[in-house]
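Participant: Curious how this folds, go ahead:
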Amino acid sequence: MKRIARQRYFLDYTLRSLWRRRWKYAALIGLYSAMVFLIASILFFSDSLRHDAGTVLQDTPEVVVQRMVAGRHALMPVEYASAISRLRGARDIRPRLWGYYYHPASKANYTLMVPPEFAHGDDEIKIGSGVLRTWEAARNNQLFFKTYEGQSLAMTIAETFSGETDLVTADLILMSESAFRRITGIPKGYATDLVGRIRNPNETRTVAAKILERLPDTRPILREEIQRTYDTIFDWRSGYVLVALSGAVLAFFIFAWDKATGLSAEERAEIGILKGVGWETADVLRMKTWEGLVISLSAYSLGIVAAYAHVFLASAPLFEHALKGWAVLYPHYRLSPVVNLNTLAVLFFFTVMPYTLVTLLPTWRAAITDPDTVMRQL
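Facilitator: Predicted coordinates:
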């Protein structure tokens with residue numbers, strides 16, 4: 001209990017000392033918080049995108065099979081589905097029809113897809129909120145397409161997706177198989193690719209190898225590989241922004257180093273007085289350690305709270321486009337408030353610890369100097 005009380009006295013003295021020089025440290029804490037805010041915002045944003053992408057991919061097919069011709073994705077014969085279905089371990093193998101439609105007026109690409117079950121008519125569609133927001137040729141609840149033969153085709157909007165699903169449905173247009181083939185020109189008997197599931201999740205790579213052995217002109221893509229691709233993309237984008245901000249971060253560390261290592265005459269006099277009234281060198285170092293912790297923890301806390309509000313309440317307007325991409329059609333959705341403890345720990349280690357430690361060296365030099373010598377230099 002005496003040790004705890006002793007540390008509380010050190011902390012109390014440190015807080016009073018900081019308050020006497022509050023304007024000096026206000027600028028340091030402000031810049032410190034801004035640096036933590038920028039880095040934490042980027043990490044929070046990428047962690048949330050990674051979490052949302054993983055949530056979406058949990059319901060996707062475990063294997064996607066594409067046909068390759070000359071190293072490029074080609075149309076898939078529908079009869080390939082029956083050949084794969086006969087493999088042990090594969091189930092629910094079905095053809096999938098999907099593609100992209102470029103709309104010149106809005107200068108955006110939209111995703112066309114035929115769902116397994118479409119509850120509307122051949123001239124009706126179900127669209128995402130982003131389509132309705134950006135499509136330039138909508139009239140009387142209709143969208144006008146141009147078929148692969150150059151003919152105009154009017155499709156009635158029967159239903160729209162809710163805004164909560166914008167992450168995956170913002171640019172999505174669902175339609176019947178006949179309407180899809182009229183627009184894209186994909187003939188009957190062919191599909192875009194095949195999708196299916198694996199009975200035993202531990203045998204996904206084995207089943208993929210069997211598919212490739214039976215159908216050498218195909219390429220099986222596993223769900224875990226798609227997940228790794230998303231993770232790589234988000235890591236690359238967050239790294240890009242961090243590199244762009246590296247100059248500002250370096251400038252802060254130079255400023256922090258100058259503030260932490262350059263003791264003022266008033267601070268040196270205070271240390272000399274403390275040594276003169278009986279403080280030991282270890283006591284002075286404890287006091288300065290508390291000072292560094294108070295400053296760095298205050299800046300860390302302010303930066304984390306500001307970053308949380310910026311990303312999860314305001315949707316990160318400062319660098320939203322840099323991390324989402326540069327497409328014309330952006331999904332409007334609120335990020336899931338995901339805070340990774342590992343991210344907080346790494347950020348703490350690289351922001352709080354360096355400043356706290358760097359304050360000890362000049363303090364130690366001043367503390368080991370004879371108090372009389374310090375006072376005579378003033």
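Participant: Give me the most central residue, the protein.
Facilitator: Ser46 (1.1 Å; C-alpha atoms, centre = their mean).
Participant: Can you name the helix or strand that that residue falls in?
Facilitator: For Ser46, the host element (DSSP states H and E) is helix 22-57.
Participant: avg pLDDT for the next helix or strand after that helix?
Facilitator: Remark: after helix 22-57, the chain's next helix or strand is strand 63-69, criterion DSSP H and E. Regarding strand 63-69, the rounded mean pLDDT is 94.
Participant: Tell me which other helices or strands strand 63-69 touches.
Facilitator: Under the contact criterion of 3 or more C-beta pairs under 8 Å, 6 or more residues apart in numbering; DSSP states H and E, strand 63-69 touches strand 72-74, strand 76-77, helix 80-85, strand 193-198, helix 204-214, strand 218-222. To be clear about C-beta, it is placed using only N, CA and C from the backbone, and glycine gets the same treatment.
Participant: right, so the ones you listed: which one is the most enclosed?
Facilitator: strand 193-198 (a mean of 22; mean count of other C-beta atoms under 10 Å).
Participant: for that one, what is the average pLDDT?
Facilitator: 93.
Participant: Using CSV, write out every CA atom in it.
Facilitator: C-alpha atoms of strand 193-198 as CSV (Å, rounded to 0.1, in the frame of the first residue of the first chain):
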residue,chain,number,x,y,z
ASP,A,193,-19.1,-20.1,-64.4
LEU,A,194,-20.1,-22.9,-62.0
VAL,A,195,-20.6,-22.6,-58.3
GLY,A,196,-21.0,-25.3,-55.6
ARG,A,197,-20.3,-26.5,-52.2
ILE,A,198,-18.0,-29.1,-50.6
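Participant: Report how many residues lie close to Ser106.
Facilitator: 16 (other C-beta atoms under 10 Å).
Participant: which SS state does it fall under?
Facilitator: coil (DSSP: H, G, I helix; E, B strand; the rest coil).
Participant: Check the gap between it and Asp171 for me.
Facilitator: 10 Å (C-beta to C-beta, to the nearest Å).
Participant: what does Thr192 give?
Facilitator: 16 Å.
Participant: Then Asp92?
Facilitator: Distance of Asp92 to Asp171, given as C-beta to C-beta: 26 Å.
Participant: of the two, who's got more company?
Facilitator: A count of neighbours by other C-beta under 10 Å puts Asp171 above the other of Asp92 and Asp171, at 24 against 13.
Participant: Verify the stated contact: that one with Tyr110.
Facilitator: Yes: between Asp171 and Tyr110 a contact is recorded at 5.0 Å, counting by C-beta atoms under 8 Å.
Participant: where along the stretch 151-300 of the chain do the helices fall?
Facilitator: For the stretch 151-300 of the chain, the helices defined by DSSP state H, counting those that start in this stretch occupy 166-169, 177-184, 204-214, 223-244, 246-261, 265-276, 281-308.
Participant: give me the low-pLDDT residue ranges for the stretch 1-150 of the chain?
Facilitator: Within the stretch 1-150 of the chain, the ranges that satisfy pLDDT under 70 run 1-7, 9-10, 137-138.
Participant: how about the CA coordinates for stretch 44-53, as CSV?
Facilitator: What follows is stretch 44-53, C-alpha atoms only, in CSV (Å, rounded to 0.1, in the frame of the first residue of the first chain):
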residue,chain,number,x,y,z
PHE,A,44,-10.0,1.0,-38.1
PHE,A,45,-11.3,1.5,-41.7
SER,A,46,-9.3,-1.4,-43.2
ASP,A,47,-10.2,-3.7,-40.2
SER,A,48,-13.9,-2.9,-40.7
LEU,A,49,-13.8,-3.5,-44.4
ARG,A,50,-12.0,-6.8,-43.9
HIS,A,51,-14.6,-7.9,-41.3
ASP,A,52,-17.6,-6.9,-43.5
ALA,A,53,-16.0,-8.7,-46.5
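Participant: Next, the buried residues of that stretch.
Facilitator: By 16 or more other C-beta atoms under 10 Å, the buried positions in stretch 44-53 come out as 44-50, 52-53.
Participant: What of stretch 175-183?
Facilitator: Here stretch 175-183 shows 175-177, 179-183 as buried, counting by 16+ other C-beta under 10 Å.
Participant: Now do it: distance to the chain's middle.
Facilitator: Stretch 175-183 sits 35 Å away from the centroid of its parent chain (C-alpha atoms, centre = their mean, to the nearest Å).
Participant: Leu28 reaches Val294, doesn't it?
Facilitator: No: the pair Leu28 / Val294 is not scored as a contact, 11.6 Å apart, by C-beta under 8 Å.
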